[in-house]
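can't give you the sequence, but here's the structure:
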(Lines give C-alpha, C1' and ligand atoms only; values in the text may rest on other atoms or scores of the structure.)
Protein backbone atom coordinates (compact mmCIF):
# COMPACT_ATOMS: atom_id res chain seq x y z
CA UNK A 1 0.00 0.00 0.00
CA UNK A 2 1.25 3.45 -0.87
CA UNK A 3 1.58 6.02 1.89
CA UNK A 4 1.89 9.80 1.66
CA UNK A 5 5.32 11.23 2.31
CA UNK A 6 6.08 11.70 5.96
CA UNK A 7 6.67 15.27 7.07
CA UNK A 8 8.29 16.62 10.18
CA UNK A 9 7.04 19.09 12.73
CA UNK A 10 8.31 20.13 16.17
CA UNK A 11 6.89 18.29 19.16
CA UNK A 12 7.63 18.78 22.83
CA UNK A 13 7.95 15.11 23.67
CA UNK A 14 9.88 12.44 21.85
CA UNK A 15 7.54 10.21 19.92
CA UNK A 16 9.50 6.99 19.91
CA UNK A 17 6.84 5.02 18.03
CA UNK A 18 7.12 7.34 15.03
CA UNK A 19 10.89 6.96 15.14
CA UNK A 20 10.49 3.22 15.02
CA UNK A 21 8.25 3.27 12.01
CA UNK A 22 10.36 5.57 9.85
CA UNK A 23 13.54 3.77 10.87
CA UNK A 24 11.97 0.43 9.95
CA UNK A 25 10.77 1.77 6.61
CA UNK A 26 14.27 3.02 5.87
CA UNK A 27 15.48 -0.57 6.16
CA UNK A 28 12.83 -2.09 3.87
CA UNK A 29 14.19 -4.44 1.22
CA UNK A 30 13.51 -4.60 -2.49
CA UNK A 31 11.18 -6.96 -4.32
CA UNK A 32 11.41 -9.23 -7.34
CA UNK A 33 12.44 -8.36 -10.89
CA UNK A 34 12.45 -11.86 -12.34
CA UNK A 35 8.80 -12.51 -13.16
CA UNK A 36 8.01 -9.23 -14.88
CA UNK A 37 11.29 -8.39 -16.57
CA UNK A 38 12.63 -11.50 -18.19
CA UNK A 39 11.49 -10.40 -21.65
CA UNK A 40 13.36 -7.14 -21.14
CA UNK A 41 16.44 -8.98 -19.98
CA UNK A 42 16.52 -11.28 -22.97
CA UNK A 43 15.89 -8.52 -25.47
CA UNK A 44 18.12 -5.93 -23.88
CA UNK A 45 21.15 -8.05 -23.25
CA UNK A 46 22.21 -5.71 -20.46
CA UNK A 47 23.87 -8.58 -18.65
CA UNK A 48 26.36 -8.91 -21.52
CA UNK A 49 27.69 -5.36 -21.35
CA UNK A 50 31.41 -5.46 -20.62
CA UNK A 51 34.39 -3.12 -20.82
CA UNK A 52 34.80 -4.03 -24.48
CA UNK A 53 31.30 -2.91 -25.55
CA UNK A 54 30.31 -0.07 -23.25
CA UNK A 55 27.43 1.94 -24.74
CA UNK A 56 27.82 5.59 -25.65
CA UNK A 57 26.98 8.18 -23.03
CA UNK A 58 25.37 11.01 -25.08
CA UNK A 59 26.92 13.96 -23.25
CA UNK A 60 26.75 16.30 -26.26
CA UNK A 61 22.99 15.90 -26.52
CA UNK A 62 22.45 18.12 -23.51
CA UNK A 63 24.43 20.97 -25.03
CA UNK A 64 22.37 20.75 -28.20
CA UNK A 65 19.01 20.58 -26.43
CA UNK A 66 16.82 23.67 -26.54
CA UNK A 67 15.38 24.90 -23.28
CA UNK A 68 15.42 23.04 -19.97
CA UNK A 69 15.55 19.25 -19.98
CA UNK A 70 13.34 17.69 -17.28
CA UNK A 71 14.14 14.34 -15.73
CA UNK A 72 12.37 12.22 -13.12
CA UNK A 73 13.92 10.46 -10.15
CA UNK A 74 11.93 7.65 -8.53
CA UNK A 75 12.65 6.88 -4.90
CA UNK A 76 11.22 5.48 -1.66
CA UNK A 77 12.71 7.26 1.31
CA UNK A 78 11.27 8.54 4.58
CA UNK A 79 12.21 10.87 7.41
CA UNK A 80 15.36 12.96 7.25
CA UNK A 81 16.65 11.06 4.21
CA UNK A 82 13.67 11.97 2.05
CA UNK A 83 13.88 15.59 3.16
CA UNK A 84 17.53 15.76 2.14
CA UNK A 85 16.92 14.33 -1.35
CA UNK A 86 14.24 16.96 -1.98
CA UNK A 87 16.52 19.73 -0.74
CA UNK A 88 19.42 18.47 -2.87
CA UNK A 89 17.31 18.42 -6.03
CA UNK A 90 16.08 21.95 -5.31
CA UNK A 91 19.65 23.20 -4.88
CA UNK A 92 20.75 21.52 -8.11
CA UNK A 93 17.83 23.04 -10.02
CA UNK A 94 18.70 26.47 -8.67
CA UNK A 95 22.38 26.11 -9.57
CA UNK A 96 21.82 26.01 -13.36
CA UNK A 97 19.09 26.31 -15.97
CA UNK A 98 19.87 23.40 -18.28
CA UNK A 99 18.33 20.56 -16.22
CA UNK A 100 15.31 20.34 -13.95
CA UNK A 101 15.11 17.34 -11.62
CA UNK A 102 11.71 16.15 -10.43
CA UNK A 103 11.92 13.78 -7.46
CA UNK A 104 8.88 11.54 -7.23
CA UNK A 105 8.15 9.26 -4.29
CA UNK A 106 6.91 5.79 -5.21
CA UNK A 107 6.12 4.72 -1.66
CA UNK A 108 7.96 3.96 1.54
CA UNK A 109 9.98 0.88 0.58
CA UNK A 110 12.52 0.16 -2.16
CA UNK A 111 10.29 -2.75 -3.17
CA UNK A 112 7.63 -0.34 -4.39
CA UNK A 113 10.09 1.47 -6.66
CA UNK A 114 11.29 -1.80 -8.09
CA UNK A 115 7.77 -3.07 -8.76
CA UNK A 116 6.88 0.09 -10.68
CA UNK A 117 10.21 0.11 -12.52
CA UNK A 118 9.69 -3.50 -13.53
CA UNK A 119 6.15 -2.82 -14.70
CA UNK A 120 7.45 -0.11 -17.02
CA UNK A 121 10.09 -2.24 -18.73
CA UNK A 122 7.94 -3.72 -21.54
CA UNK A 123 6.76 -0.26 -22.66
CA UNK A 124 10.01 1.54 -21.88
CA UNK A 125 8.14 3.95 -19.59
CA UNK A 126 10.89 4.25 -17.02
CA UNK A 127 12.26 7.09 -14.92
CA UNK A 128 15.52 8.69 -15.92
CA UNK A 129 16.96 7.71 -12.52
CA UNK A 130 15.73 5.10 -10.06
CA UNK A 131 16.93 4.65 -6.50
CA UNK A 132 16.99 0.88 -6.02
CA UNK A 133 18.17 -1.37 -3.23
CA UNK A 134 21.73 -2.65 -3.61
CA UNK A 135 20.86 -6.33 -3.84
CA UNK A 136 18.92 -5.83 -7.08
CA UNK A 137 22.08 -4.95 -9.03
CA UNK A 138 22.44 -8.25 -10.89
CA UNK A 139 18.78 -8.50 -11.81
CA UNK A 140 18.43 -4.90 -12.98
CA UNK A 141 21.62 -5.10 -15.02
CA UNK A 142 20.23 -8.19 -16.71
CA UNK A 143 17.09 -6.31 -17.81
CA UNK A 144 19.17 -4.34 -20.31
CA UNK A 145 17.52 -1.06 -19.26
CA UNK A 146 20.50 0.64 -17.58
CA UNK A 147 23.00 3.20 -18.79
CA UNK A 148 26.20 2.20 -16.97
CA UNK A 149 27.78 5.08 -15.12
CA UNK A 150 31.21 3.90 -16.21
CA UNK A 151 30.35 4.82 -19.79
CA UNK A 152 29.58 8.38 -18.71
CA UNK A 153 32.65 8.57 -16.48
CA UNK A 154 34.88 7.69 -19.42
CA UNK A 155 33.10 10.01 -21.84
CA UNK A 156 33.32 12.89 -19.35
CA UNK A 157 36.78 12.18 -17.94
CA UNK A 158 35.19 12.04 -14.50
CA UNK A 159 36.44 10.17 -11.43
CA UNK A 160 34.26 9.68 -8.35
CA UNK A 161 37.18 8.94 -6.02
CA UNK A 162 35.03 6.42 -4.19
CA UNK A 163 36.33 3.64 -1.98
CA UNK A 164 37.44 0.61 -4.05
CA UNK A 165 35.25 -1.72 -1.98
CA UNK A 166 32.11 0.23 -2.95
CA UNK A 167 33.04 0.34 -6.62
CA UNK A 168 33.75 -3.39 -6.64
CA UNK A 169 30.44 -4.16 -4.95
CA UNK A 170 28.44 -2.25 -7.55
CA UNK A 171 30.28 -3.73 -10.54
CA UNK A 172 28.99 -6.59 -12.67
CA UNK A 173 30.70 -8.12 -15.70
CA UNK A 174 33.64 -5.86 -14.91
CA UNK A 175 31.50 -2.72 -15.40
CA UNK A 176 30.54 -0.16 -12.77
CA UNK A 177 26.81 0.65 -13.01
CA UNK A 178 25.19 3.19 -10.61
CA UNK A 179 25.47 6.94 -11.00
CA UNK A 180 25.66 7.46 -7.26
CA UNK A 181 25.65 5.14 -4.25
CA UNK A 182 24.10 5.49 -0.82
CA UNK A 183 25.87 3.09 1.52
CA UNK A 184 24.79 1.86 4.94
CA UNK A 185 25.92 -0.92 7.27
CA UNK A 186 24.29 -2.99 10.01
CA UNK A 187 25.26 -1.87 13.51
CA UNK A 188 24.29 -2.81 17.05
CA UNK A 189 21.96 -0.33 18.74
CA UNK A 190 21.65 -0.71 22.50
CA UNK A 191 20.21 1.02 25.54
CA UNK A 192 23.14 2.14 27.69
CA UNK A 193 20.84 2.71 30.68
CA UNK A 194 19.99 -0.99 30.83
CA UNK A 195 23.65 -1.89 30.43
CA UNK A 196 24.47 0.25 33.47
CA UNK A 197 21.62 -1.31 35.45
CA UNK A 198 23.13 -4.74 34.75
CA UNK A 199 26.60 -3.63 35.85
CA UNK A 200 27.89 -3.59 32.27
CA UNK A 201 30.13 -0.95 30.74
CA UNK A 202 28.16 0.70 27.90
CA UNK A 203 31.44 1.82 26.34
CA UNK A 204 32.28 -1.83 25.69
CA UNK A 205 29.41 -3.42 23.74
CA UNK A 206 29.62 -7.11 22.76
CA UNK A 207 31.78 -7.78 19.71
CA UNK A 208 31.03 -11.43 18.96
CA UNK A 209 27.96 -13.63 19.19
CA UNK A 210 29.41 -15.39 22.24
CA UNK A 211 29.76 -12.01 23.93
CA UNK A 212 26.20 -11.09 22.94
CA UNK A 213 25.02 -14.16 24.84
CA UNK A 214 27.09 -13.21 27.90
CA UNK A 215 25.73 -9.66 27.89
CA UNK A 216 22.17 -10.90 27.32
CA UNK A 217 22.42 -13.25 30.28
CA UNK A 218 23.60 -10.37 32.50
CA UNK A 219 20.83 -8.08 31.27
CA UNK A 220 18.23 -10.72 32.03
CA UNK A 221 19.51 -11.76 35.45
CA UNK A 222 20.82 -8.43 36.77
CA UNK A 223 18.55 -5.82 35.13
CA UNK A 224 15.39 -7.85 34.58
CA UNK A 225 15.29 -7.35 30.81
CA UNK A 226 12.80 -9.95 29.65
CA UNK A 227 14.13 -10.53 26.09
CA UNK A 228 17.55 -8.83 25.90
CA UNK A 229 17.94 -9.14 22.12
CA UNK A 230 15.22 -7.99 19.72
CA UNK A 231 16.25 -9.60 16.44
CA UNK A 232 14.59 -8.96 13.09
CA UNK A 233 15.03 -12.15 11.05
CA UNK A 234 16.73 -10.67 8.01
CA UNK A 235 18.94 -12.31 5.37
CA UNK A 236 21.21 -9.24 5.34
CA UNK A 237 22.58 -10.06 8.78
CA UNK A 238 22.86 -13.75 7.95
CA UNK A 239 24.97 -12.90 4.88
CA UNK A 240 27.27 -10.74 7.00
CA UNK A 241 27.69 -13.46 9.61
CA UNK A 242 28.39 -16.20 7.05
CA UNK A 243 30.67 -14.29 4.68
CA UNK A 244 32.39 -12.54 7.60
CA UNK A 245 33.44 -15.94 8.89
CA UNK A 246 34.96 -16.87 5.53
CA UNK A 247 32.14 -18.90 3.98
CA UNK A 248 30.00 -18.21 0.92
CA UNK A 249 26.28 -18.47 0.18
CA UNK A 250 26.65 -19.20 -3.56
CA UNK A 251 29.50 -20.42 -5.75
CA UNK A 252 31.79 -18.58 -8.20
CA UNK A 253 33.27 -16.34 -5.58
CA UNK A 254 29.85 -15.51 -4.11
CA UNK A 255 28.67 -14.64 -7.63
CA UNK A 256 31.55 -12.23 -8.24
CA UNK A 257 33.42 -14.45 -10.71
CA UNK A 258 30.49 -15.26 -12.94
CA UNK A 259 26.78 -15.97 -12.73
CA UNK A 260 26.41 -18.34 -9.77
CA UNK A 261 24.80 -21.69 -10.49
CA UNK A 262 25.24 -23.51 -7.19
CA UNK A 263 24.04 -22.76 -3.67
CA UNK A 264 26.60 -23.10 -0.87
CA UNK A 265 24.31 -21.97 1.95
CA UNK A 266 24.42 -25.35 3.68
CA UNK A 267 27.87 -25.10 5.26
CA UNK A 268 29.39 -25.43 8.77
CA UNK A 269 29.24 -21.69 9.51
CA UNK A 270 25.52 -21.51 8.70
CA UNK A 271 24.91 -24.43 11.06
CA UNK A 272 26.93 -22.75 13.81
CA UNK A 273 25.00 -19.51 13.35
CA UNK A 274 21.55 -21.14 13.32
CA UNK A 275 22.38 -23.17 16.40
CA UNK A 276 23.34 -19.94 18.19
CA UNK A 277 20.13 -18.22 17.15
CA UNK A 278 17.96 -21.14 18.19
CA UNK A 279 19.76 -21.51 21.51
CA UNK A 280 19.32 -17.82 22.30
CA UNK A 281 15.63 -18.05 21.51
CA UNK A 282 15.05 -21.21 23.52
CA UNK A 283 16.83 -19.70 26.53
CA UNK A 284 14.64 -16.58 26.49
CA UNK A 285 17.51 -14.30 25.51
CA UNK A 286 16.29 -13.39 22.01
CA UNK A 287 12.92 -12.47 20.57
CA UNK A 288 12.70 -12.92 16.81
CA UNK A 289 10.52 -10.87 14.45
CA UNK A 290 9.70 -11.67 10.83
CA UNK A 291 11.46 -9.37 8.37
CA UNK A 292 8.52 -7.71 6.65
CA UNK A 293 8.35 -4.21 5.16
CA UNK A 294 7.54 -1.73 7.91
CA UNK A 295 8.36 -4.16 10.72
CA UNK A 296 8.74 -2.12 13.92
CA UNK A 297 8.17 -4.66 16.70
CA UNK A 298 11.89 -5.09 17.36
CA UNK A 299 12.19 -1.32 17.76
CA UNK A 300 9.13 -1.24 20.00
CA UNK A 301 10.65 -3.93 22.20
CA UNK A 302 13.67 -1.68 22.80
CA UNK A 303 11.56 1.46 23.24
CA UNK A 304 9.40 -0.32 25.81
CA UNK A 305 12.56 -1.59 27.52
CA UNK A 306 11.60 -5.24 27.07
CA UNK A 307 14.79 -5.60 25.03
CA UNK A 308 18.11 -3.77 25.23
CA UNK A 309 19.84 -4.66 21.94
CA UNK A 310 18.86 -4.69 18.27
CA UNK A 311 20.87 -4.99 15.06
CA UNK A 312 19.69 -2.61 12.34
CA UNK A 313 20.83 -0.32 9.55
CA UNK A 314 23.04 2.66 10.29
CA UNK A 315 20.68 4.71 8.12
CA UNK A 316 18.26 4.95 11.05
CA UNK A 317 20.71 7.14 12.98
CA UNK A 318 19.64 10.65 11.95
CA UNK A 319 15.96 9.80 12.31
CA UNK A 320 16.58 8.33 15.76
CA UNK A 321 18.35 11.51 16.77
CA UNK A 322 15.65 13.73 15.27
CA UNK A 323 12.74 12.05 17.02
CA UNK A 324 14.55 11.76 20.34
CA UNK A 325 15.16 15.48 19.98
CA UNK A 326 11.47 16.24 19.55
CA UNK A 327 10.74 15.83 15.83
CA UNK A 328 7.55 14.01 14.96
CA UNK A 329 6.84 12.40 11.59
CA UNK A 330 3.28 12.33 10.39
CA UNK A 331 1.71 10.15 7.77
CA UNK A 332 -0.66 7.30 7.24
CA UNK A 333 0.44 4.30 9.24
CA UNK A 334 2.46 6.25 11.81
CA UNK A 335 1.57 5.15 15.36
CA UNK A 336 0.00 7.97 17.33
CA UNK A 337 0.59 6.73 20.87
CA UNK A 338 3.45 8.29 22.77
CA UNK A 339 6.00 6.01 24.34
CA UNK A 340 7.94 7.33 27.29
CA UNK A 341 11.56 7.95 26.27
CA UNK A 342 12.82 8.19 29.85
CA UNK A 343 15.45 5.59 30.62
CA UNK A 344 16.52 5.28 26.99
CA UNK A 345 20.10 6.24 26.17
CA UNK A 346 20.79 5.00 22.65
CA UNK A 347 24.35 4.04 21.75
CA UNK A 348 25.80 1.99 18.90
CA UNK A 349 28.55 -0.57 18.50
CA UNK A 350 29.98 -2.62 15.64
CA UNK A 351 28.04 -5.51 14.15
CA UNK A 352 28.87 -8.51 16.39
CA UNK A 353 30.47 -11.24 14.30
CA UNK A 354 30.92 -14.96 14.77
CA UNK A 355 34.68 -14.63 15.22
CA UNK A 356 35.32 -10.86 15.36
CA UNK A 357 33.28 -7.65 15.03
CA UNK A 358 32.45 -5.50 12.02
CA UNK A 359 32.52 -8.31 9.44
CA UNK A 360 29.88 -6.96 7.08
CA UNK A 361 29.20 -6.51 3.38
CA UNK A 362 28.62 -3.31 1.43
CA UNK A 363 24.94 -2.42 1.72
CA UNK A 364 22.51 0.35 0.92
CA UNK A 365 20.96 1.63 -2.30
CA UNK A 366 22.05 3.20 -5.58
CA UNK A 367 20.82 5.69 -8.16
CA UNK A 368 20.69 3.89 -11.50
CA UNK A 369 20.29 5.72 -14.82
CA UNK A 370 17.99 4.17 -17.40
CA UNK A 371 18.80 3.99 -21.13
CA UNK A 372 15.23 4.33 -22.40
CA UNK A 373 14.97 8.13 -22.38
CA UNK A 374 16.01 10.59 -25.04
CA UNK A 375 19.77 11.22 -25.38
CA UNK A 376 19.48 14.64 -23.76
CA UNK A 377 17.59 13.11 -20.83
CA UNK A 378 20.31 10.52 -20.30
CA UNK A 379 22.93 13.27 -20.38
CA UNK A 380 20.86 15.34 -17.93
CA UNK A 381 20.65 12.38 -15.56
CA UNK A 382 24.43 12.15 -15.57
CA UNK A 383 24.69 15.86 -14.72
CA UNK A 384 22.62 15.30 -11.58
CA UNK A 385 24.69 12.25 -10.66
CA UNK A 386 27.87 14.31 -10.94
CA UNK A 387 26.33 16.94 -8.70
CA UNK A 388 25.74 14.31 -6.04
CA UNK A 389 29.44 13.45 -6.14
CA UNK A 390 30.43 16.95 -5.05
CA UNK A 391 31.98 16.93 -1.58
CA UNK A 392 29.27 19.24 -0.29
CA UNK A 393 26.48 16.93 -1.46
CA UNK A 394 28.23 13.84 -0.09
CA UNK A 395 28.62 15.47 3.31
CA UNK A 396 24.93 16.34 3.22
CA UNK A 397 23.98 12.76 2.40
CA UNK A 398 25.91 11.76 5.51
CA UNK A 399 24.99 14.47 8.01
CA UNK A 400 21.36 14.94 6.96
CA UNK A 401 20.60 11.72 5.11
CA UNK A 402 22.32 9.14 7.33
CA UNK A 403 24.29 7.47 4.53
CA UNK A 404 28.00 6.80 4.91
CA UNK A 405 30.76 8.72 3.10
CA UNK A 406 32.20 6.69 0.24
CA UNK A 407 35.11 8.98 -0.59
CA UNK A 408 38.05 10.09 1.50
CA UNK A 409 37.35 13.66 0.37
CA UNK A 410 33.99 13.67 2.17
CA UNK A 411 35.11 11.64 5.19
CA UNK A 412 38.06 13.93 5.87
CA UNK A 413 36.16 17.23 5.95
CA UNK A 414 36.16 19.19 9.23
CA UNK A 415 32.35 19.14 9.20
CA UNK A 416 32.26 15.33 9.21
CA UNK A 417 34.99 15.10 11.87
CA UNK A 418 33.00 17.44 14.12
CA UNK A 419 29.80 15.52 13.40
CA UNK A 420 31.36 12.22 14.39
CA UNK A 421 32.72 13.70 17.59
CA UNK A 422 29.88 15.80 18.94
CA UNK A 423 26.57 14.55 17.50
CA UNK A 424 24.50 11.55 18.62
CA UNK A 425 23.70 10.48 15.05
CA UNK A 426 27.27 11.18 14.01
CA UNK A 427 28.70 8.91 16.69
CA UNK A 428 26.42 6.10 15.59
CA UNK A 429 27.19 6.62 11.90
CA UNK A 430 30.94 6.64 12.59
CA UNK A 431 30.53 3.03 13.73
CA UNK A 432 29.06 2.16 10.33
CA UNK A 433 31.78 4.04 8.44
CA UNK A 434 34.54 2.22 10.32
CA UNK A 435 32.90 -1.06 9.32
CA UNK A 436 32.70 0.00 5.67
CA UNK A 437 36.38 0.88 5.30
CA UNK A 438 37.28 -2.45 6.90
CA UNK A 439 35.43 -4.52 4.26
CA UNK A 440 37.75 -6.48 1.98
CA UNK A 441 37.51 -4.94 -1.54
CA UNK A 442 37.88 -8.43 -3.00
CA UNK A 443 34.98 -9.73 -0.91
CA UNK A 444 32.42 -6.89 -0.81
CA UNK A 445 29.40 -9.18 -0.61
CA UNK A 446 27.45 -11.71 -2.69
CA UNK A 447 25.94 -10.89 -6.07
CA UNK A 448 22.83 -13.02 -6.46
CA UNK A 449 20.76 -12.96 -9.64
CA UNK A 450 17.43 -14.17 -8.22
CA UNK A 451 17.88 -12.20 -5.02
CA UNK A 452 14.21 -12.07 -4.08
CA UNK A 453 13.80 -15.86 -4.21
CA UNK A 454 17.10 -16.26 -2.38
CA UNK A 455 16.02 -13.71 0.24
CA UNK A 456 12.68 -15.41 0.76
CA UNK A 457 14.35 -18.80 1.23
CA UNK A 458 16.56 -17.46 4.03
CA UNK A 459 13.78 -15.50 5.69
CA UNK A 460 11.51 -18.54 5.64
CA UNK A 461 14.26 -20.64 7.20
CA UNK A 462 14.72 -18.09 10.00
CA UNK A 463 10.98 -17.86 10.67
CA UNK A 464 10.73 -21.63 10.88
CA UNK A 465 13.80 -21.83 13.10
CA UNK A 466 12.83 -19.16 15.62
CA UNK A 467 9.05 -18.79 15.38
CA UNK A 468 8.14 -22.44 14.79
CA UNK A 469 11.03 -24.27 16.44
CA UNK A 470 11.94 -26.43 13.42
CA UNK A 471 15.30 -28.18 13.44
CA UNK A 472 18.49 -26.47 12.30
CA UNK A 473 19.32 -29.23 9.83
CA UNK A 474 15.88 -29.20 8.21
CA UNK A 475 15.55 -25.45 7.70
CA UNK A 476 19.06 -25.11 6.29
CA UNK A 477 18.63 -28.07 3.94
CA UNK A 478 15.33 -26.67 2.67
CA UNK A 479 16.79 -23.19 2.18
CA UNK A 480 19.73 -24.69 0.31
CA UNK A 481 17.36 -26.47 -2.09
CA UNK A 482 15.18 -23.39 -2.59
CA UNK A 483 18.21 -21.24 -3.39
CA UNK A 484 19.51 -23.88 -5.79
CA UNK A 485 16.17 -24.03 -7.58
CA UNK A 486 16.11 -20.23 -7.87
CA UNK A 487 19.62 -20.12 -9.35
CA UNK A 488 18.70 -22.79 -11.88
CA UNK A 489 15.54 -20.96 -12.95
CA UNK A 490 17.40 -17.69 -13.28
CA UNK A 491 20.04 -19.18 -15.55
CA UNK A 492 17.32 -20.77 -17.70
CA UNK A 493 15.49 -17.44 -17.93
CA UNK A 494 18.65 -15.64 -18.98
CA UNK A 495 19.78 -18.14 -21.57
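Cool, got the structure. Because the structure is predicted, anything quoted here is derived from the model rather than measured.

thought residue 442 was touching residue 168?
Yes - the pair residue 442 / residue 168 is scored as a contact, 7.3 Å apart, by C-beta atoms under 8 Å. (Glycine included, C-beta is placed from N, CA and C.)

these two - which one has more neighbours?
Counted by other C-beta atoms under 10 Å, residue 442 and residue 168 do not tie: residue 168 has more neighbours, with 18 against 10.

count of neighbours near residue 210?
Count around residue 210 with other C-beta under 10 Å applied: 13.

assumed it was part of a strand.
No - counting by DSSP: H, G, I helix; E, B strand; the rest coil, residue 210 falls outside a strand, being helix.

count the neighbours of the closest residue to residue 211 other than its chain neighbours for me.
Once flanking residues are discounted, residue 211 sits nearest to residue 352: 6.7 Å by C-beta to C-beta, 6 or more residues apart in numbering. Neighbourhood size, residue 352 [other C-beta under 10 Å]: 27.

skipping adjacent residues, who's closest to residue 128 in space?
Per C-beta to C-beta, 6+ apart, closest to residue 128 is residue 71, 3.8 Å.

for residue 382, same thing?
Residue 382 sits nearest to residue 152 (C-beta to C-beta, 6+ apart), 4.4 Å away.

what about the one you found, is that helix, strand or coil?
Here residue 152 is helix, with the state taken from three-state DSSP.

count the neighbours of it for me.
So residue 152, with other C-beta under 10 Å, has 25 neighbours.

could you shift the numbering so residue one becomes 38, and keep it that way?
Sure, I'll start counting at 38 from here, so that last one is residue 189.

please report how far it lies from residue 418.
Distance of residue 189 to residue 418, given as C-beta to C-beta, to the nearest Å: 9 Å.

intersection of neighbour lists for these two?
216, 406 (C-beta atoms under 8 Å, 6 or more residues apart in numbering).

how many residues are close by residue 530?
Neighbours of residue 530 under the rule other C-beta under 10 Å: 17.

tell me the confidence at it?
The per-residue pLDDT reported for residue 530 equals 86.

poorly predicted segments of this structure, please.
Filtered on pLDDT under 70, the chain yields the residue ranges 38-84, 356-357, 359-378, 532.

at 80 what do you get?
Judged by pLDDT under 80, the chain has its weakly predicted residues at 38-84, 116-117, 330-333, 355-379, 531-532.

the domain parsing of it - what is it?
Domains of the chain are assigned by automatic domain parsing as 44-64+222-398+481-530, 71-221+400-474.

mind listing what's buried in the longest helix that the chain contains?
Using DSSP state H to define each element, the chain has its longest helix at helix 509-530. By neighbour count with 16 or more other C-beta atoms under 10 Å, helix 509-530 contains the buried residues 509, 512-513, 515-517, 519-521, 523-524, 527, 530.

residue 427: which of the residues you listed is nearest?
Minimum distance to residue 427 across those is 37.7 Å, recorded for residue 527 (C-beta to C-beta).

check which helix or strand covers the residue nearest to residue 165.
strand 106-112 (DSSP states H and E).

counting contacts, what elements does that strand pack onto?
helix 116-132, strand 136-142, helix 147-156, strand 166-170, helix 412-425 (3 or more C-beta pairs under 8 Å, 6 or more residues apart in numbering; DSSP states H and E).
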